[in-house]
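# Predicted model and sequence follow; I will ask about them next.
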Amino acid sequence: MPVTRVVLLAVFTTMVALGGGRAPAAAFDGEQQLYEAAKKEKELTWYTAHYDSETAAALCGGFEKKYPGIKCNYVRTTAQVAYQRLAQDQKAGIAQASVISSTDASHYGRMKKDGWLQPYRPKNLAELVDAFKPYNDPDDLFVATAAGLVLITYNTSVVPAAEAPRKWTDLADPKWKGKVSIGHPGFSGYVGTWVVQMRKLYGWDYFKKLELNKPRIGRSINDTVTMLNAKESIVAAGPSATTLESRAKGNPLAVAYPEDGAVLMVSPSGILKNAPAPNAAKLLVEFLLSRDGNDIMVKHYQDPVNKLVKPAPAGKSLAEIKTIRPSYEEIEKGIPEVKELFRDTFGI
């Protein structure tokens, strides 16, 4: 074997070993040209509701490391607050955000109708998990860049695994009175989608029964994790990723995959038509779909959307569990309805 080939083979083998058993992610077609254009824009702002602040910061940090010279500014808030902030920007003619990642799928229909988004078909789209491709816009105005689950979570120092709720209806059992926490659909897209799905399964009577248990209600679904850790509640309708990440830090938390189905969350990202950094925005969307970006997601216990990246060992693969999800039409029509019903029932 020629010396040059031996050296190249040795280098390749070393790179695979350093990359955790696989070769480094290959550049997508046109990456360098897009990077050069994005560097001239210097920075971008990303409105995101899917991740907690720690994960959003890690993703921005990974983006900046991969693409030196471009600063990634993230604004992490709940889905409804992110959308309201963007709506205020648009009304005032302010171009601040370049990318928006909402957990409320109905936002994208409104943004598309109002002409707030610009089309872009990512080069990394081929690596997107096939099950998520139906959630992409046919006109390339938004693409699925994040996935997660709403499931039953609990504090293991108080609730043994054998006694944890097994179905969503168990949360309405009087044994959990004063011990349940949930989020608010008026703020969180995750919670809004969960409420729509629960009403679809069990009717609004489910929430009337749940109200009798006087649940603690936060804004973000991530607030349930804080409440479990503080023992303000001991069971919850909570997020998989933030709960598992908190558990990895030593907190006594666990997740239970409901027999009647964990609610699948698919969160898209869209590039604003008036984006002040359109090239950096395209580069960020590519990064969120890439193996590099998904490696960071998995380290923070997020479910990968890249088919070449394995899920975190602490959780289950989406292929292993029963998932349920309302249709786009049900979300678009249902979230405004359940916001009002929720306020009427719970008084907040």
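Now that the structure is in, tell me what you want to look at.

# need the strands for the stretch 151-300 of the chain, in chain order.
Defined through DSSP state E, counting those that start in this stretch, the strands belonging to the stretch 151-300 of the chain, from first to last, are 180-182, 216-217, 235-239, 253-256, 262-272.

# could you dump those to CSV with mean pLDDT and mean neighbour count?
To be clear about C-beta, it is placed using only N, CA and C from the backbone, and glycine gets the same treatment. Formatted as CSV, those follow (pLDDT from 0 to 100; neighbours: other Cβ atoms under 10 Å):
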stretch, mean pLDDT, mean neighbour count
strand 180-182, 98, 26
strand 216-217, 98, 18
strand 235-239, 97, 29
strand 253-256, 96, 20
strand 262-272, 95, 25
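
# Ok, which of those comes nearest A146?
When the strands of the stretch 151-300 of the chain are ranked by proximity to A146, the top entry is strand 262-272, at 4.1 Å, counting by Cβ to Cβ.

# Which elements pack onto the closest one?
Where contact means 3 or more Cβ pairs under 8 Å, 6 or more residues apart in numbering; DSSP states H and E, strand 262-272 is packed against strand 99-101, helix 106-114, strand 117-118, strand 143-155, helix 189-202, helix 278-289, strand 323-324.

# Nearest approach to A87 belongs to which of those?
Of all the helices and strands packed on strand 262-272, the one in closest proximity to A87, counting by Cβ to Cβ, is helix 106-114 (8.8 Å).

# Could you give the average pLDDT over that closest one?
pLDDT averaged over helix 106-114 equals 94, rounded to a whole number.

# OK, contacts around the nearest residue to Y83 once chain neighbours are set aside?
With Cβ to Cβ, 6 or more residues apart in numbering as the criterion, Y83 has its nearest non-adjacent residue at 5.0 Å, and that residue is H107. Contacts here follow Cβ atoms under 8 Å, 6 or more residues apart in numbering; on that basis H107 touches 79, 83, 100, 189.

# out of the residues you listed, which is most surrounded?
Ranked by the number of neighbours (other Cβ atoms under 10 Å), the contacts of H107 place A79 first, at 31 neighbours.

# Please point out which parts of stretch 92-102 sit buried.
Residues of stretch 92-102 classed as buried: 96-102 (neighbour count, 16 or more other Cβ atoms under 10 Å).

# Show residues contacting it.
When contacts are taken as Cβ under 8 Å, 6+ apart, the neighbours of stretch 92-102 outside the stretch itself are 44-50, 75, 79, 82-83, 86, 88-89, 107-108, 111, 145-146, 189, 267-272, 274-278, 280-281, 284-285, 288.

# can you rerun that using 7 Å?
The contact list for stretch 92-102 (Cβ atoms under 7 Å, 6 or more residues apart in numbering) reads 44-50, 79, 82-83, 86, 89, 145-146, 189, 267, 269-272, 274-278, 280-281, 284-285.

# Stretch 103-123: which residues count as buried?
Within stretch 103-123, the residues scored as buried using 16+ other Cβ under 10 Å are 103-108, 111, 116-118, 120, 122-123.

# before we move on, the earlier item: tell me the one among the contacts of H107 nearest to Y67.
Nearest to Y67 among these: I100, at 19.8 Å, using Cβ to Cβ.

# Residues in a beta bridge with that closest one, which ones?
Beta-bridge pairing of I100 under DSSP bridges involves Y47, G270.

# Kindly format the C-alpha coordinates of stretch 102-121 as PDB.
Extracted C-alpha coordinates of stretch 102-121, given in PDB (Å, rounded to 0.1, in the frame of the first residue of the first chain):
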ATOM      1  CA  SER A 102     -42.100  27.600  18.000                       C
ATOM      2  CA  THR A 103     -43.600  24.600  19.700                       C
ATOM      3  CA  ASP A 104     -47.100  25.700  18.600                       C
ATOM      4  CA  ALA A 105     -47.500  24.400  15.000                       C
ATOM      5  CA  SER A 106     -50.500  26.700  14.500                       C
ATOM      6  CA  HIS A 107     -48.200  29.700  14.500                       C
ATOM      7  CA  TYR A 108     -46.700  28.700  11.200                       C
ATOM      8  CA  GLY A 109     -50.000  28.600   9.400                       C
ATOM      9  CA  ARG A 110     -50.600  32.200  10.600                       C
ATOM     10  CA  MET A 111     -47.100  33.300   9.700                       C
ATOM     11  CA  LYS A 112     -47.400  31.800   6.300                       C
ATOM     12  CA  LYS A 113     -50.700  33.400   5.700                       C
ATOM     13  CA  ASP A 114     -49.400  36.800   6.900                       C
ATOM     14  CA  GLY A 115     -46.300  36.500   4.700                       C
ATOM     15  CA  TRP A 116     -43.800  36.700   7.500                       C
ATOM     16  CA  LEU A 117     -41.600  33.800   6.300                       C
ATOM     17  CA  GLN A 118     -39.200  33.300   3.400                       C
ATOM     18  CA  PRO A 119     -38.700  29.900   1.600                       C
ATOM     19  CA  TYR A 120     -35.500  27.800   2.100                       C
ATOM     20  CA  ARG A 121     -35.000  24.100   1.400                       C
END
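
# Distance from that stretch to the middle of the chain?
On the basis of Cα atoms, centre = their mean, to the nearest Å, the separation between the geometric centre of stretch 102-121 and that of its chain is 16 Å.

# again with stretch 197-210
24 Å.

# Need the residues that contact that stretch.
Applying Cβ under 7 Å, 6+ apart, the set of residues contacting stretch 197-210 from outside is 168-169, 171-172, 260, 263, 324-326, 330, 338, 341, 345.
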